[in-house]
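Q: compute the structure for the input listed below.
(one chain, ligands or ions: 1)
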Amino acid sequence: MKKQQWLLYLCLFLVVLAGVVFYLAVPYPTVPVSDIAGPKLSVHFLDVGQADCILITAPNGRRMLVDAGNNGDAELILDYLRSHGVDTLDVLVGTHPHEDHIGGMDAVIANVAAGRIYMPKVSANTKTFYDVLQAVRDKGLKITTAKAGVSVDLDPALQIEILSPRRERYENLNDYSVVIRLVYDQVSFLLMGDLETSGETELLESRVELQSDVIKVGHHGSGTSTSGRFLKAVAPRYAVISVGTGNRYGHPDPEVLDRLEKACEVLRTDRDGHIIMETDGKNIVVKMSKG
Ligand SMILES: [Zn+2]
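A: Here you go, the predicted model:
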């Protein structure tokens, strides 16, 4: 081979190599969060370990908190609210009176102005529960009973329906879980609390609309929730599991996780930290922040 020809081949090779490197190094354009122009709904699934806490900011700026972590999470939640400029909660929901859902609620009520407070009509003989009642009383507030058929008024652009509890009495406190379906234009969220399979069956039988783009999976991904039938009816694009690293319950259950991973994209607070979803009612942008 002549020297000139050899040099030509070398140049060609280098040009192709540069092209490949450039192609690999420059990612496809993604839609950054700031690109959602105009009004948006944001839903923050806070990383509160083995517990639940969800902050919702409506397009009109009003705020709603669903659950408030364990007793030990109060400072984390108050700091999070402060750092996001939240000094008023228009709506506060305690899905059911277990510590990992209402633990920080007394501190939230004492420190952040709260409008309407929703809880299911059931009590628990625990200090945590009485602390919440005392905080409500101290602020001169009252609790509105959360039950199927109640609509939550936060923003006229949103439809917020309570789907459960559907009965007066249940055996198990988890079954009293307040289930919320939140719709903004074409995007919907289903927040399951700790509802278990029997409650899911009741929802399926009620024939209420369950299909949702995002599901906050019931009971921290436990094997007692998220039946195949229920998941099929919801048909989510995203599933969020609020769960603590190395928790003693073995949540999430491997079978449930497998079922979810086959159906949609799974996000977990133990792995992903705080999970934030923002939507203009059409697109969903997901952000995660550890720590
Ligand atoms: Zn729980």
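Q: quick one, helices of the protein?
A: For the chain, the helices defined by DSSP state H occupy 3-25, 74-83, 99-102, 105-111, 127-138, 197-206, 228-234, 254-263, 269-272.
Q: winner for burial among the ones you listed?
A: Highest mean neighbour count of the helices of the chain: helix 99-102, a mean of 25 (counted as mean count of other CB atoms under 10 Å). From N, CA and C alone the C-beta is placed, and that goes for glycine too.
Q: return the residues of the stretch 101-250 of the chain in contact with the ion.
A: residue 194 (CB under 5 Å from the ion).
Q: picking up where we left off before, can you add mean pLDDT and give the helices of the chain back as TSV?
A: Shown next, in TSV, are the helices of the chain (pLDDT from 0 to 100):
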stretch	mean pLDDT
helix 3-25	65
helix 74-83	98
helix 99-102	98
helix 105-111	98
helix 127-138	98
helix 197-206	98
helix 228-234	98
helix 254-263	97
helix 269-272	97
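Q: which of those sits closest to residue 245?
A: Taking CB to CB, helix 269-272 is the member of those nearest to residue 245, at 4.4 Å.
Q: for that closest one, packing partners?
A: For helix 269-272, the elements it packs on are strand 238-241, judged by 3 or more CB pairs under 8 Å, 6 or more residues apart in numbering; DSSP states H and E.
Q: returning to that earlier point: I'd like the helices of the chain as JSON lines, with distance to residue 57 appended.
A: Listed next are the helices of the chain as JSON lines, based on distance: least, CB to CB, whole Å:
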{"stretch": "helix 3-25", "distance to residue 57": "36"}
{"stretch": "helix 74-83", "distance to residue 57": "11"}
{"stretch": "helix 99-102", "distance to residue 57": "20"}
{"stretch": "helix 105-111", "distance to residue 57": "16"}
{"stretch": "helix 127-138", "distance to residue 57": "23"}
{"stretch": "helix 197-206", "distance to residue 57": "27"}
{"stretch": "helix 228-234", "distance to residue 57": "23"}
{"stretch": "helix 254-263", "distance to residue 57": "26"}
{"stretch": "helix 269-272", "distance to residue 57": "18"}
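Q: now do the contacts for the residue nearest to residue 124 when sequence neighbours are not counted.
A: In space, and not counting its chain neighbours, residue 124 is closest to residue 97: 3.9 Å by CB to CB, 6 or more residues apart in numbering. With contact taken as CB atoms under 8 Å, 6 or more residues apart in numbering, residue 97 is in contact with 119, 120, 122, 123, 124, 126, 128, 129, 132, 173, 176.
Q: so what pLDDT did residue 97 get?
A: pLDDT for residue 97: 98.
Q: equivalent analysis for residue 289, please.
A: Value for residue 289, per-residue pLDDT: 88.
Q: so it bridges to which residues?
A: residue 274 (DSSP bridges).
Q: so it sits against residue 84, correct?
A: No. Residue 289 is beyond contact range of residue 84, at 11.6 Å (criterion: CB atoms under 8 Å).
Q: show the end-to-end separation of stretch 220-237, please.
A: One end of stretch 220-237 to the other measures 18 Å (CA to CA, to the nearest Å).
Q: typo on my end, it should be stretch 206-223
A: Rule used - CA to CA; the end-to-end distance of stretch 206-223 is 23 Å.
Q: give the buried residues for that stretch.
A: 208, 210, 212-223 (16 or more other CB atoms under 10 Å).
Q: again with stretch 170-183
A: Buried residues in stretch 170-183 (16+ other CB under 10 Å): 170, 173, 174, 175, 176, 177, 178, 179, 180, 181, 182, 183.
Q: need the buried residues of stretch 206-223 in CSV (columns: distance to residue 191 and pLDDT).
A: Below are those laid out as CSV (distance: CB to CB, whole Å; pLDDT from 0 to 100):
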residue, distance to residue 191, pLDDT
208, 14, 97
210, 12, 98
212, 9, 98
213, 13, 98
214, 9, 98
215, 8, 98
216, 5, 98
217, 10, 98
218, 9, 98
219, 12, 98
220, 13, 98
221, 14, 97
222, 16, 98
223, 20, 97
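Q: tell me which of the residues you listed is nearest to residue 139?
A: residue 216 (27.2 Å).
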